[in-house]
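Could you look at this predicted model? Sequence included:
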Amino acid sequence: MDEAFTDIVHGIRGVVNQLIAYAELKSQLPIPSDISQALPAFLTPEVIGQLITYAELKSQLPAPSDIPQAQSTPPKVLIMDDDTVMGNYLELLLKNANIGSQHVINGEQGLMAAQKFCPHLIVLDLAMPVVEGFEVIRRLRALPSTRSTSIIVLTGLDSEEYRMKAFELGANDYIKKPFRAEELLARVKVQLSKL
């Protein structure tokens with residue numbers, strides 16, 4: 001009985017101390033206890049009951065070191081587009097969405113950058129010099145390091161044949177230029193949410 005009473009006293013003191021109030025418990029077992037209190041008026045028995053429940057729940061939370069930490073670096077997108085104006089625009093668009101990016105202007109640079117930069121997503125134009133877009137997709141899917149990297153084709157080439165070929169080679173999405181920035185960002189976020 002002594003131990004149970006001590007637990008109750010500590011529980012009440014803990015809640016009261018969090019509220020910057022005053023409570024004094026006096027007891028000499030087996031004589032009944034006297035309780036002196038000075039609590040703010042808003043602390044009804046119901047509110048105190050809720051606070052005790054909150055305090056109990058809070059004590060069961062894992063320590064900060066036990067909680068998996070959120071990704072500390074922003075997601076990375078590799079932009080492969082031979083149009084530098086378009087590449088710069090996409091970099092700015094992604095930066096404003098807190099997404100890191102790198103821009104390359106041909107397929108060969110893109111294949112090298114994909115292995116060094118380790119992007120979470122690749123935005124790829126099909127009409128690329130040196131190594132064209134379809135071949136880039138094929139090679140990316142053949143490499144262990146980029147096999148599962150999401151690829152969004154962003155191109156002015158829009159025919160059912162091009163779409164089907166891109167998807168057959170392993171593209172995850174296909175967007176025709178010109179495009180709306182909001183739509184591109186939404187599709188980028190969908191792919192990044194799959195990480």
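Looks like it came in fine. Fair warning: this is a prediction, and the values are worked out from it, not measured in the lab.

mind giving me the domain split of the chain?
Structural domains assigned to the chain are 2-64, 76-192, following automatic domain parsing.

mean pLDDT lowest for which of these?
Mean pLDDT values for these show the minimum at domain 2-64, a mean of 52.

how close does L143 sit to V136?
Remark: distance between L143 and V136 (CB to CB, to the nearest Å) = 11 Å. All C-beta spots, glycine's among them, are computed from the backbone N, C-alpha and C.

Between those two, which has more neighbouring residues?
Taking other CB atoms under 10 Å, L143 and V136 do not tie; V136 has more neighbours (26 against 12).

element containing I151, please.
Assigned by DSSP states H and E, I151 belongs to strand 150-155.

Show me what that strand is packed up against.
Contact partners of strand 150-155 among helices and strands, from 3 or more CB pairs under 8 Å, 6 or more residues apart in numbering; DSSP states H and E: strand 121-124, helix 133-142, strand 173-176, helix 181-192.

ok, which stretches of this structure are strands?
With DSSP state E as the definition, the chain shows strands at residue ranges 22-28, 31-38, 76-80, 100-104, 121-124, 150-155, 173-176.

Please point out which parts of stretch 113-130 sit buried.
For stretch 113-130, the buried set under the neighbour-count rule, 16 or more other CB atoms under 10 Å, comprises A113, A114, F117, P119, H120, L121, I122, V123, L124, D125, L126, M128.

Just give me the closest of those to M80.
Of all the buried residues of stretch 113-130, the one sitting nearest M80 is L124; the distance, using CB to CB, is 4.6 Å.

Can you tell me the closest non-neighbouring residue to that closest one?
Using CB to CB, 6 or more residues apart in numbering and skipping the chain neighbours, the partner closest in space to L124 is M80 (4.6 Å).

list the contacts for that neighbour?
Each residue near M80 by CB atoms under 8 Å, 6 or more residues apart in numbering is listed here: V104, N106, G107, Q109, G110, I122, V123, L124, D125, M128, G133, V136.

doesn't G170 make contact with I151?
Yes: counting by CB atoms under 8 Å, I151 sits close enough to G170 to count as a contact (6.7 Å).

most neighbours per residue, which of the helices and strands packed on strand 150-155?
Mean neighbour count, computed with mean count of other CB atoms under 10 Å, is highest for strand 121-124 among the helices and strands packed on strand 150-155, reaching a mean of 26.

Listing partners with orientation, what would you give for that one?
The pairing partners recorded for strand 121-124 under DSSP bridges are strand 76-80 (parallel), strand 150-155 (parallel).

could you dump those strands to a markdown table with distance to P178?
Below are the strands paired with strand 121-124 laid out as a markdown table (distance: least, CB to CB, whole Å):
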| stretch | distance to P178 |
| --- | --- |
| strand 76-80 | 16 |
| strand 150-155 | 10 |
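
and V190, which of the ones you listed is closest to it?
Across the strands paired with strand 121-124 (criterion: CB to CB), the nearest stretch is strand 150-155, sitting at 9.1 Å.

Sounds good, over and out.
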